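# show me how the following folds:
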Amino acid sequence: MPTPTPARRPRVALYGHDTCGLGHLRRNLALAAALRAADARPDVLILTGSPAAQRFPRPDGVEIVVLPTVSKDADGRYAAGSLDVPLDVVVQLRAATAEAVLTAWQPDLLVVDKVPTGFRGELAGALDALRRNGSTRTVLGLRDVLDSPATARAEWSRDDGPAALDRWYDEVWVYGDARVHDLRHDLRLTRDQRLATRFTGYLAEGRRTTGTRPLPRRCPSARTVLAGVGGGVDGADLTRALLATPLPPGTELVLLPGPFADAGLHAELDRAAATRTDLHVVPFTDGFPDWAQAADAVVCMGGYNTVAEVLATDTPALVVPRTRPRREQLVRARSMARRGLLDVLTSPTPQALGRWVEHVLAEPTSQAGARTRCDLAGLDAVRRRAGELLGAAPAALHLPAPLNGTESRRAS
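Alright, predicted model coming up:
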């Protein structure tokens, strides 16, 4: 009698185009950890364009495939990352790699981050192939804010978002709380597309790491301000302002300039740290959630992951959003400030930063209470919904492509 073939574990693929910074990769790593904690314990494959992918620990059962890299300058212009070739050659390479990997992997669930057709349409071939196969449930995952409403709508149309949803996607997950910001209004989704959209809550709670070294402190009784600028690509101005910020007596600053900060800035910070006892410079840590909880105050830029990790703590936070080439961080910070979740500062002079630090260290804020009224359980919601999708019978997952909005809703 032949030996029966053991049933394989469910398979999930997470795609992020990752042309700049760490945002898409960090979000997908958080999702991967949450999915691995589901009852089905799926194997997870992450496709990313981030050259920093190997800096982060990954959970057991998670593999990362790095696509050829693409860079983006301060004005939002794209170019080949490392290869001395035209951008369209890199896109062709990425498209061929993504299609080969995804068709070989045959995931039961594919979650695409932000761009419905992939960077410059690089996912179209893979999405068509998976749709023809008929056994992959496909979800578009969107952060809470894409850009200013007008720009978000223009890019959504330019990238064929409406047609892509109808053709390839079963659901949309918005990683936010509609009471803070309702992305459906920005994109002007159709009625059927709105009905296929789920707000998961922010991917905030449950991001704590294990094995993180303690938050640096020279004096055990010192109050600590944790300051982070994300990947560091566009954080030099804020980093220098923080370096010059006057601190109250007995306060130490832990400064995270980011792995992508330029070498000149790192050298400047190293010289400052060598002469100051109240300054710690840590180029990179994957333990920001734990450090944010341990700090007495946080100053940071307004990227999705950093803000989500701060919201999961009771630590007062000041967000200094960037405003170019996207206004996403500014829209997010102002929406959250209106609900009392954090403070926002758009002109970060050392004096203004110092006044905020002095104030929050002297008087308790109401931010922690406001955060209890915001949905921060997005990772748990994703884990539950993914479990439902992975447990569905394959025949129930798809209707013949291309899908229209009604069919997408019936398949969910």
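# for the rest of this, base every contact and every neighbour count on C-alpha atoms.
Fine.
# the closest residue to residue 127 other than its chain neighbours: neighbour count?
Excluding its sequence neighbours, the residue lying closest to residue 127 (C-alpha to C-alpha, 6 or more residues apart in numbering) is residue 168, at 6.6 Å. Here the number of neighbours of residue 168 (other C-alpha atoms under 10 Å) works out to 25.
# quick check: residue 168 touching residue 129?
No. Contact between residue 168 and residue 129 fails when scored by C-alpha atoms under 8 Å: they sit 10.4 Å apart.
# distance check, residue 125 against residue 132.
11 Å (C-alpha to C-alpha, to the nearest Å).
# which of those two has more residues huddled nearby?
residue 125 (17 against 14).
# could I have the one helix or strand that one maps to exported to PDB, CA atoms only?
Using DSSP states H and E, residue 125 maps to helix 124-133. Provided in PDB are the C-alpha atoms of helix 124-133 (Å, rounded to 0.1, in the frame of the first residue of the first chain):
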ATOM      1  CA  ALA A 124       0.500  41.700 -12.900                       C
ATOM      2  CA  GLY A 125       1.900  38.500 -14.400                       C
ATOM      3  CA  ALA A 126       2.000  36.800 -11.000                       C
ATOM      4  CA  LEU A 127      -1.500  37.900 -10.100                       C
ATOM      5  CA  ASP A 128      -2.800  36.600 -13.500                       C
ATOM      6  CA  ALA A 129      -1.100  33.300 -13.000                       C
ATOM      7  CA  LEU A 130      -2.400  32.800  -9.500                       C
ATOM      8  CA  ARG A 131      -5.900  33.800 -10.500                       C
ATOM      9  CA  ARG A 132      -5.800  31.200 -13.300                       C
ATOM     10  CA  ASN A 133      -4.700  28.500 -10.800                       C
END
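# any regions of this protein where pLDDT drops low?
1-6, 19-21, 208-211, 392-412 (pLDDT under 70).
# residue 327: neighbouring residues, count only.
Applying the criterion other C-alpha under 10 Å, we find 18 residues in the vicinity of residue 327.
# now do the residue nearest to it when sequence neighbours are not counted against residue 374, distance only.
Spatial nearest neighbour of residue 327, chain neighbours left out: residue 147 (5.2 Å); criterion: C-alpha to C-alpha, 6+ apart. Applying C-alpha to C-alpha, the value for residue 147 to residue 374 is 21 Å.
# ok, residue 336 next?
10 Å.
# before we move on, which element is residue 96 in?
helix 87-105.
# what segments of the stretch 151-300 of the chain are strands?
Counting by DSSP state E, counting those that start in this stretch, one finds strands in the stretch 151-300 of the chain at the ranges 171-175, 197-199, 223-228, 251-256, 279-281, 297-300.
# can you put those strands in JSON lines and add mean neighbour count and distance to residue 345?
Below are those laid out as JSON lines (neighbours: other C-alpha atoms under 10 Å; distance: least, C-alpha to C-alpha, whole Å):
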{"stretch": "strand 171-175", "mean neighbour count": "25", "distance to residue 345": "24"}
{"stretch": "strand 197-199", "mean neighbour count": "20", "distance to residue 345": "28"}
{"stretch": "strand 223-228", "mean neighbour count": "25", "distance to residue 345": "14"}
{"stretch": "strand 251-256", "mean neighbour count": "23", "distance to residue 345": "18"}
{"stretch": "strand 279-281", "mean neighbour count": "21", "distance to residue 345": "22"}
{"stretch": "strand 297-300", "mean neighbour count": "24", "distance to residue 345": "10"}
